[in-house]
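[1] Just need the structure, nothing else, for what follows:
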Amino acid sequence: MKTVLITGANKGIGLETARQLAQQGSFVFIGSRDLANGQKAVDELKAAGISNVTAIQLDVTDTDSINKAKEVISQQAGSLDVLINNAGIAGEQPQQLADGSMENLRELFETNFFGMVQTTQIMLPLLKLSSTPSIINVSSEVGSLTMNTAPDRRPNWTLYSGYGATKTAVNAFTVMLANELREQHFTVNSVTPGYTATDLNGFQGFKTVAEGAKPIVELAMSTDRTVTGKFFKDGGEISW
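    Numbering: from 1, shown residues only. Okay, the predicted model is just below:
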């Protein structure tokens, strides 16, 4: 049984990822900034017959919160096999970099990038106790430099320039961390769920949460230890 921590897992893609992984036999810590919301998600899963889940308070912007979550996982599980950095915010829109709010941009980076980095750093000692440690960073096509510079790029993506910049940073973090941990038998990858209908986008996405969670779950359950420093979507690898 794999032990998995998912940040921002009390709703949306995070919750659906927890559901699918638990159904496949993993024990899942459902990270939630508000513990009551996390417990509500756990109650929902348990009502559906899924018992191998537990809520844990975790705010990726609060180091004390992350450290306390680490201690809970250490006491209850002893180690961590998979860290899924899912927590993120969309920020206020529009958010063009030419004239957007710096306060909004800093808030985006604080959660989407710095929160991810410090959560990973704090959880690394528990991951190193696993024989198959994996880190999965939830990213977005909006952060793909290749897609943003393509002739057929989507012009409306400029509405999300700040958010996209945080995901570009996430992808850089994935590559750099994968290289740092390569000799320690880690796998570190980015994955985009695609444009999924969640409250992050006002439920405008065309994919269901089950579809959005699919590539994350596939990476989490993969037994191929050679795949690291890559960017995936449903159906395969995507360009950075």
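
[2] Where do the helices of the protein begin and end?
    Applying DSSP state H to the chain gives helices spanning 12-23, 35-47, 63-76, 102-109, 115-127, 145-148, 161-181, 209-221.

[3] which strand residues sit across from V191 in the sheet?
    Taking DSSP bridges as the rule, V191 bridges to V138, F232.

[4] follow-up on the earlier one: Q95 is nearest to which of the helices of the chain?
    Ranking the helices of the chain by proximity to Q95 (CB to CB) places helix 161-181 first, at 3.7 Å. In short, each C-beta sits where N, CA and C put it, glycine included.

[5] hmm, back to that, among the helices of the chain, which gets the worst mean confidence?
    Note on these: lowest mean pLDDT is at helix 209-221, with a mean of 90.

[6] can you pull the buried residues of that helix?
    Residues of helix 209-221 classed as buried under the neighbour-count rule (16 or more other CB atoms under 10 Å) are V209, E211, G212, A213, K214, P215, I216, V217, L219, A220, M221.

[7] Quick one: residues contacting L126.
    Each residue near L126 by CB atoms under 8 Å, 6 or more residues apart in numbering is listed here: K70, I73, S74, S79, L80.

[8] got the contact list for stretch 86-95?
    Applying CB under 8 Å, 6+ apart, the contact partners of stretch 86-95 are 6-9, 13-14, 17, 31, 33, 60, 100-101, 104-105, 107-108, 111-112, 115-116, 119, 138, 158-163, 166, 200-201, 216.

[9] L35 against S65, yeah?
    No. Counting by CB atoms under 8 Å, S65 is not a contact partner of L35; they are 10.1 Å apart.

[10] Between those two, tell me which one has more neighbours.
    S65 (18 against 15; other CB atoms under 10 Å).

[11] Need phi/psi at T132.
    The phi/psi pair for T132 (degrees, to the nearest 10) reads phi -140, psi 60.

[12] what about the nearest residue to it once chain neighbours are set aside, how many neighbours?
    Excluding its sequence neighbours, the residue lying closest to T132 (CB to CB, 6 or more residues apart in numbering) is D81, at 6.1 Å. Using other CB under 10 Å, D81 has 21 other residues around it.

[13] Looking at D81 now. What's its pLDDT?
    D81 is given a pLDDT of 98.

[14] mind listing what it touches?
    Applying CB under 8 Å, 6+ apart, the residues near D81 are K2, T3, V4, S26, L127, S130, T132, P133, S134.

[15] next one: M1
    M1 makes contact with G25, S26, F27, N52, according to CB under 8 Å, 6+ apart.

[16] Farthest from the middle of the protein: give me that residue.
    Centroid-distance maximum for the chain: P151 at 29.1 Å, with CA atoms, centre = their mean.

[17] Roughly how far does the residue nearest the centre of the chain sit from L21?
    Note on the chain: the residue nearest the mean C-alpha position is N86, at 2.1 Å, using CA atoms, centre = their mean. N86 is 12 Å from L21, where distance means CB to CB, to the nearest Å.

[18] Overlap of the contact sets of these two?
    I6.

[19] where's stretch 27-36 relative to the chain centroid, distance-wise?
    13 Å (CA atoms, centre = their mean, to the nearest Å).

[20] Mind listing residues that contact that stretch?
    1-10, 14-15, 18, 21-22, 38, 41-42, 52-60, 65, 69, 72-73, 77, 87.

[21] Could you pick out the buried ones from these?
    Buried members of the contacts of stretch 27-36, scored by 16+ other CB under 10 Å, are 2-10, 14-15, 18, 21-22, 38, 41-42, 52-60, 65, 69, 73, 77, 87.

[22] That concludes my questions; thank you for your assistance.
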